[in-house]
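1. sequence and predicted structure are below.
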There are 2 protein chains.
Amino acid sequence: MADTKFKAVVEAKDGLTMSCKSSNFEIILDEPKYLGGNNEGMNPVECLLNAIGACKGIVARSFAKAHNVNIANMKIEVEGTLNPDGFMGKDKDAKIGFSHIVTNYYFESEEDEAKLEDFIQFIERTCPVIDTIVNTPTFESKLNIT
Amino acid sequence: MADTKFKAVVEAKDGLTMSCKSSNFEIILDEPKYLGGNNEGMNPVECLLNAIGACKGIVARSFAKAHNVNIANMKIEVEGTLNPDGFMGKDKDAKIGFSHIVTNYYFESEEDEAKLEDFIQFIERTCPVIDTIVNTPTFESKLNIT
């Protein structure tokens, strides 16, 4: 498989509510009321954390058999630290996005700890969402006036 | 506002299907059948692109008034290039995540082009999801065996 394009189409609805579509699927992203939104969906930074967690989960599920790792059930919690004062322009020194991201893997498994730790290292380096953040891609933006 | 924590809780369901929750909201992420999934939701890399587009849209909506920019309607399309052979281990030289991300802003507006271009520059540097990718945060992972 060569380079493949993935696409998102985001339409601004009422206030900060965003309809977000890829393929045949839609998710609604928004902000909570204390950040000025309608609270109709999780917000984009929470969505990013879920994309990270789900991507790690999918890597784990996809490669467990090949790595001979048996995990009956798994839950992955991802917590990010962000100072909203950066985004809101109240503190010029505050980082705009996440400064630190912690992943807690909860594996229901009989495997020994060292084997599961090795598998986590594999997941971390094989996750496309994490790679996109760690090895920053190039960006391009285009304005279209309608 | 000081440092704030945002959290995602991802539970692996059948196959590659992931239940992803933040606050009171849930989204389902999955993979299409050709990538081994149940196709019950968009996949994590598409979710990442939607988080980028929605974040830019929310920045645009939140700051348009302060920048005296009038945009009646907006649509933001985000397209990322990724070679699945990297993730699947078929090509050791292929980047695992996105190599290039293009954002197309569609603004329905009477404003002149230069003013909208300036506003896009502001959006790009104020978007927390983009900042997380451009200015990579620190990461930490913990294993919990249950």
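-> Yep, it's here.
2. tell me the pLDDT at A:Met88?
-> At A:Met88, the pLDDT value in this model is 87.
3. so in chain A, where's the weakest helix or strand by average pLDDT?
-> Least confident element among the helices and strands of chain A, by mean pLDDT, DSSP states H and E: helix A:84-87 (a mean of 90).
4. next, see if that helix gets close to chain B.
-> Yes. Residues of helix A:84-87 contacting chain B under CB under 8 Å from any CB of the partner chain: A:Pro84, A:Asp85, A:Gly86, A:Phe87. From N, CA and C alone the C-beta is placed, and that goes for glycine too.
5. what is the nearest of those residues to A:Cys47?
-> A:Phe87 (15.1 Å; CB to CB).
6. can I get the lengthiest helix in chain A in CSV, CA atoms only?
-> The single longest helix within chain A, with elements called by DSSP state H, is helix A:44-63. Provided in CSV are the C-alpha atoms of helix A:44-63 (Å, rounded to 0.1, in the frame of the first residue of the first chain):
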residue,chain,number,x,y,z
PRO,A,44,-11.1,18.9,20.4
VAL,A,45,-8.3,18.4,23.0
GLU,A,46,-10.3,15.6,24.6
CYS,A,47,-10.9,14.2,21.2
LEU,A,48,-7.2,14.2,20.6
LEU,A,49,-6.6,12.2,23.8
ASN,A,50,-9.2,9.7,22.7
ALA,A,51,-7.6,9.4,19.3
ILE,A,52,-4.3,8.6,21.1
GLY,A,53,-5.9,6.0,23.4
ALA,A,54,-7.9,4.3,20.7
CYS,A,55,-4.9,4.2,18.4
LYS,A,56,-2.8,2.5,21.1
GLY,A,57,-5.7,0.1,21.8
ILE,A,58,-5.9,-0.8,18.1
VAL,A,59,-2.2,-1.3,17.8
ALA,A,60,-2.4,-3.6,20.9
ARG,A,61,-5.3,-5.6,19.5
SER,A,62,-3.8,-5.8,16.0
PHE,A,63,-0.3,-7.1,17.1
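7. before we move on, the earlier item: neighbour-wise, which one of the residues of helix A:84-87 next to chain B leads?
-> Counting neighbours by other CB atoms under 10 Å in any protein chain shown, A:Phe87 leads those with 25 neighbours.
8. now do the contacts for that residue.
-> Counting by CB atoms under 8 Å, 6 or more residues apart in numbering or on different chains, A:Phe87 touches A:Ile96, B:Val59, B:Thr126, B:Pro128.
9. right, and the pair among these with maximum separation?
-> Maximum pairwise distance among these (CB to CB): 9.7 Å, between A:Ile96 and B:Val59.
10. now the common contact residues for these two.
-> In contact with both A:Ile96 and B:Val59: A:Phe87, B:Thr126, B:Cys127, using CB under 8 Å, 6+ apart.
11. show the pLDDT at the nearest residue to A:Asp85 once chain neighbours are set aside.
-> Nearest residue to A:Asp85 in three dimensions, chain neighbours excluded: A:Asp91, at 3.8 Å (CB to CB, 6 or more residues apart in numbering or on different chains). Per-residue confidence (pLDDT) for A:Asp91: 92.
12. what helix or strand is A:Asp91 located in?
-> A:Asp91 belongs to no helix or strand when assigned by DSSP states H and E.
13. likewise for A:Asp118?
-> Here A:Asp118 is assigned to helix A:113-126, by DSSP H and E.
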